[in-house]
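S.K.: Got a sequence here, can you build the structure:
(one chain, ligands or ions: 1)
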Amino acid sequence: MALLTILEFPDPRLRTKAQPVTVFDAALKQLVADMFETMYAAPGVGLAATQVNVHRQLLIMDMSEDKSDPHVLINPRLLDQGGEQVFQEGCLSFPGIYADVERALRVKVAAQDVDGKPFELEVEGPLAVCMQHEMDHLQGKVFVDYLSPLKRSMLLKKLDKKRKQSA
Ligand code: NI
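M.R.: Model (predicted):
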């Protein structure tokens with residue numbers, strides 16, 4: 001196992017559109033294991049491969065308090081969505097900043113597991129937020145893209161300030 005480096009905004013590689021996973025081999029399983037280790041260590045509740053500079057359609061999530069609800073979604077595709085919710089989001093690529101984002105309340109996706117086996121998953125509430133946030137990463141999109149220009153520039157200034165403090 002290994003901790004992976006998480007790309008931080010405004011790294012342009014976060015804008016890369018991920019390609020489908022086509023090979024379900026031991027290297028993929030290792031990547032998934034390393035991503036979980038990296039996400040839990042951060043700590044975070046979701047991580048897209050894009051954020052560790054692997055531009056393949058793969059994301060992981062676990063919103064439980066005790067690492068008991070891990071999800072791996074490979075080549076996820078949105079089947080259905082409904083309702084709306086506003087949730088305060090953060091992102092491991094934007095350490096220390098948070099913002100309210102409006103998203104669908106429920107989403108249903110089709111994806112594959114680490115062995116390539118297809119499955120469907122329907123989630124709602126916070127886990128649906130996480131799913132939509134991570135699926136966005138695979139398209140090169142980040143949560144601050146949803147904010148107004150004013151709100152975004154305020155947050156990015158704050159991010160800058162936090163970086164200078166920790167440097
Ligand atoms: Ni994120």
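
S.K.: From here on, just use CA atoms for contacts and neighbour counts.
M.R.: Fine.

S.K.: Mean confidence (pLDDT) on the longest helix seen in the chain, please.
M.R.: Criterion DSSP state H: the longest helix present in the chain is helix 149-166. For helix 149-166, the mean per-residue pLDDT is 92.

S.K.: Would you mark the buried spots in that helix?
M.R.: In terms of neighbour count (16 or more other Cα atoms under 10 Å), helix 149-166 has its buried residues at 152, 155-156, 159.

S.K.: now do stretch 5-25
M.R.: Quick answer for stretch 5-25 (16+ other Cα under 10 Å): 6-9, 13-18, 21.

S.K.: okay, Leu75: pLDDT?
M.R.: Residue 75: Asn, not Leu. 98.

S.K.: which outside residues touch the helix or strand containing it?
M.R.: Asn75 is part of strand 71-82 when elements are defined by DSSP states H and E. By Cα atoms under 8 Å, 6 or more residues apart in numbering, the residues outside strand 71-82 that reach it are 20-21, 32, 57-62, 104-114, 116, 135.
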